[in-house]
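Trainee: here you go, sequence then predicted model.
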Amino acid sequence: MTVPMVDLRPMLAATEPAWRANLDRLFERSQFILGEQVDAFERELAAAWGVRFAVTAGSGTAAIELGIRAAGLADSGAEVIVPALTSPYTAQAILAAGCRPRFADVHPETLLLNAEDAEARVRKRAGALLPVHLYGQPCDLPRLAAVARRRGLVLLQDACQAHGAQDAGRPFTSFSPAVAYSFYPTKNLPCLGDGGAVLTDSRVVAEKLRRLRDGGRRNDQVARTRAVNSRLDEMQACYLRAFLPKLAEWNQRRARLAAVYDQALAGCDGVRPIGRRAGSVCHLYVVRAARRARLRSFLAERGVVTAVHYPVPLHLQPAFRDCGLKRGSLPVAEQACREVLSLPLGPYMPETAVEAVVERVRQFYSAA
């Protein structure tokens, strides 16, 4: 049995009538930038997630950058505290906004931003705290919000892997002025290319975001502020509108498969699943694996595709070498990056595929 990491074909098949109708409408209207489909998706997304405003962008990276700019930190050189274990695009967005990433360590069980370590790294130039809801599980937002209040920081959020997640039943927007999402094809709510959005409960922030994503304009040809060009494509909105009503069902299915993995891997020497906080939408199923490279090769030879999210902590990557940290500075993140392995997980993946993956994992460690 071949088990891919991601397969969008079942998702497209299950929603085909809706996205075809949206595409027909798009071609009938022939407005391909900031038109009817994007406007409808923004309203539907905000309503589905219980927030006031959704402002789309060209990517999740752009969404993070726009959130920083809307917070008034653009080109300030302010430090933004962010976990060292996340996608490099999180830190690239900070740089693109004219700020500097300040890396902190992660919790040893969940691999989410360690609030105590983050607070200890606050310096005079600190301007924002940017937790990442890694692997689809919500960070401890009340605790992080308290840190931000104590230290006079803006709290922003990278929820690019946490579509539909909440913290104790509260939308993420109730904790901060801007929450960034990505619709990259591997996400729980995907499009067929790049796409992103910023969610907020503030009308003022939403208006800033709309200007910032569209060259600083207000539906005219006058640039009123320094801004970017980052707009969600109308065609991608056609697919996102079709997928959105299925998201809750798909997230439930992901959680069910994650529970199957948990049970099937129990007692398997060599692998340890990452601890999941309540409310996780299970974007990825991640384990810490002994002899990871050899395990990946073993699985690949038997048709099981895996991935590593992420192999190098950000403070050790060349793009961020001026952050002032060296190897050994953030030991939890560094150790995790040597061990984390993402196993296949998707809403249309059969339980038999999970069982097949686990069987091969057990075979590898039994032979070893």
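Mentor: Alright, I've got the coordinates.
Trainee: what ranges do the helices span in the stretch 101-250 of the chain?
Mentor: 115-120, 141-151, 203-213, 234-243, 247-265 (DSSP state H, counting those that start in this stretch).
Trainee: of the ones you listed, flag the one that's most buried.
Mentor: Stretch with highest mean neighbour count among those: helix 234-243 (a mean of 24; mean count of other C-beta atoms under 10 Å). C-beta: built from backbone N, CA, C; applies to glycine.
Trainee: the helices of the stretch 101-250 of the chain: which one's closest to residue 69?
Mentor: Nearest to residue 69 among the helices of the stretch 101-250 of the chain is helix 203-213; the distance by C-beta to C-beta comes to 5.3 Å.
Trainee: quick one: average pLDDT of the closest one?
Mentor: What helix 203-213 shows for mean pLDDT is 98.
Trainee: can I get it in CSV, CA atoms only?
Mentor: What follows is helix 203-213, C-alpha atoms only, in CSV (Å, rounded to 0.1, in the frame of the first residue of the first chain):
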residue,chain,number,x,y,z
ARG,A,203,-12.8,47.2,12.3
VAL,A,204,-9.9,49.6,12.4
VAL,A,205,-7.3,46.8,12.0
ALA,A,206,-9.4,45.2,9.2
GLU,A,207,-9.4,48.5,7.3
LYS,A,208,-5.6,48.9,7.8
LEU,A,209,-5.1,45.4,6.5
ARG,A,210,-7.2,46.0,3.4
ARG,A,211,-5.1,49.1,2.6
LEU,A,212,-1.8,47.4,3.3
ARG,A,213,-2.5,44.3,1.1
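Trainee: which among the helices of the stretch 101-250 of the chain is found nearest to residue 359?
Mentor: That would be, of the helices of the stretch 101-250 of the chain and by C-beta to C-beta, helix 247-265, which comes in at 8.4 Å.
Trainee: tilt between the closest one and helix 234-243?
Mentor: Computed by axes from the mean of the first three to the mean of the last three C-alpha atoms, to 10 degrees, the angle separating helix 247-265 from helix 234-243 equals 70 degrees.
Trainee: list the helices and strands the helix or strand just after helix 247-265 packs on?
Mentor: Downstream of helix 247-265, the first helix or strand assigned by DSSP states H and E is strand 271-273. Helices and strands touching strand 271-273, by 3 or more C-beta pairs under 8 Å, 6 or more residues apart in numbering; DSSP states H and E, are helix 247-265, strand 285-289.
Trainee: residue 62 sits in which helix or strand?
Mentor: Assigned by DSSP H and E, residue 62 belongs to helix 60-70.
Trainee: so how far is that helix from its chain's centroid?
Mentor: 13 Å (C-alpha atoms, centre = their mean, to the nearest Å).
Trainee: neighbouring contacts of that helix?
Mentor: 55, 57, 74, 80, 89-90, 92-94, 96-97, 99, 128, 130, 156-158, 160, 177-184, 194-198, 205, 208-209, 212-213, 227-228, 230 (C-beta atoms under 8 Å, 6 or more residues apart in numbering).
Trainee: would you map the strands across the stretch 1-150 of the chain?
Mentor: Under the criterion DSSP state E, counting those that start in this stretch, the stretch 1-150 of the chain contains strands at 53-57, 79-83, 100-104, 126-129.
Trainee: what is the neighbour count of the closest residue to residue 343 other than its chain neighbours?
Mentor: Closest residue to residue 343 apart from its sequence neighbours, by C-beta to C-beta, 6 or more residues apart in numbering: residue 285 at 4.9 Å. Neighbour count for residue 285, taken as other C-beta atoms under 10 Å: 25.
Trainee: these two touch, right, residue 285 and residue 341?
Mentor: No: judged on C-beta atoms under 8 Å, residue 285 makes no contact with residue 341 at a distance of 9.5 Å.
Trainee: and the nearest residue to residue 253 once chain neighbours are set aside, how many neighbours?
Mentor: Once flanking residues are discounted, residue 253 sits nearest to residue 347: 4.3 Å by C-beta to C-beta, 6+ apart. Using other C-beta under 10 Å, the number of residues around residue 347 comes to 20.
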